[in-house]
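A.B. asks: Mind folding the following:
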Amino acid sequence: MNKNKGFAPILIVLVVVALLVVGGVMYFSGKNSDKLAQDKDNVLNTDNNLDNKDQGGIQTLSNCGFTINSPVPNSTISSNVPVVFNGVVDNTNYQTTGCRWTMFEGEAGTAQLYYQNGNNWGPIGIINLIPVSNWMTLGPVPFTASVIFNNGGIGLQSGTLMKVVFTENDPSGATPDTLEFPLVLQ
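C.D. replies: Okay, here's the model as predicted:
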């Protein structure tokens, strides 16, 4: 007779418990890092990412090396008139800022227009790609992106708050960095 028959179920239980513990630690570690990233984004968005330091008094918006140089925040937008954004992705200071804007396959990410609907934001129009050349460098890489929408079928009122959310193109699966650019419907 084999006296070790009771050992196999105990070993299986110990392995399952160990896997659950390791899985739980990894899950909650990931949640905390996502929370830290979200908190970082909330802090950045609280002050609207305004950066007046290096642009000679011209208001710019910047996050993780992604900077919008024009237009200025809170510019007006009109139906069927493109809003053209000019900016630069410059990751040369990523060690100082603690983050960098990821570009991939010739794109610096996407631009999506939103409008304020009560306490919520609704997407409007199409998601626009932000093409760049020389995307494999740390920077600086200039870009131009535009968004446009047709208010005819929607009927948003003048003064409606809008924003463009720029989202990096990060293939790593990590939570992408974003930059929110405020606009107002004319």
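A.B. asks: immediately after the helix or strand bottoming out on mean pLDDT in the chain, which helix or strand?
C.D. replies: Lowest on mean pLDDT, DSSP states H and E among the helices and strands of the chain sits strand 50-51, with a mean of 42. The helix or strand immediately downstream of strand 50-51 is strand 60-63, counting by DSSP states H and E.
A.B. asks: Name the residues of the helix or strand just after that following strand that are buried.
C.D. replies: Sequence-wise, the next helix or strand downstream of strand 60-63 (DSSP H and E) is strand 66-70. By neighbour count on 16 or more other Cβ atoms under 10 Å, the buried set for strand 66-70 is 66-69. For the C-beta atoms, the positions are set from N, CA and C on the backbone; glycine is no exception.
A.B. asks: hang on, residue 162 packs against residue 117?
C.D. replies: No: Residue 162 is not in contact with residue 117 according to Cβ atoms under 8 Å; the separation is 10.6 Å.
A.B. asks: More neighbours: those two, which one.
C.D. replies: residue 162 (22 against 12; other Cβ atoms under 10 Å).
A.B. asks: Can you report how many residues lie near residue 155?
C.D. replies: 7.
A.B. asks: Next one: it from residue 145, what distance?
C.D. replies: 26 Å (Cβ to Cβ, to the nearest Å).
A.B. asks: can you pull out the helices in this protein?
C.D. replies: For the chain, applying DSSP state H gives helices covering 7-46, 94-97.
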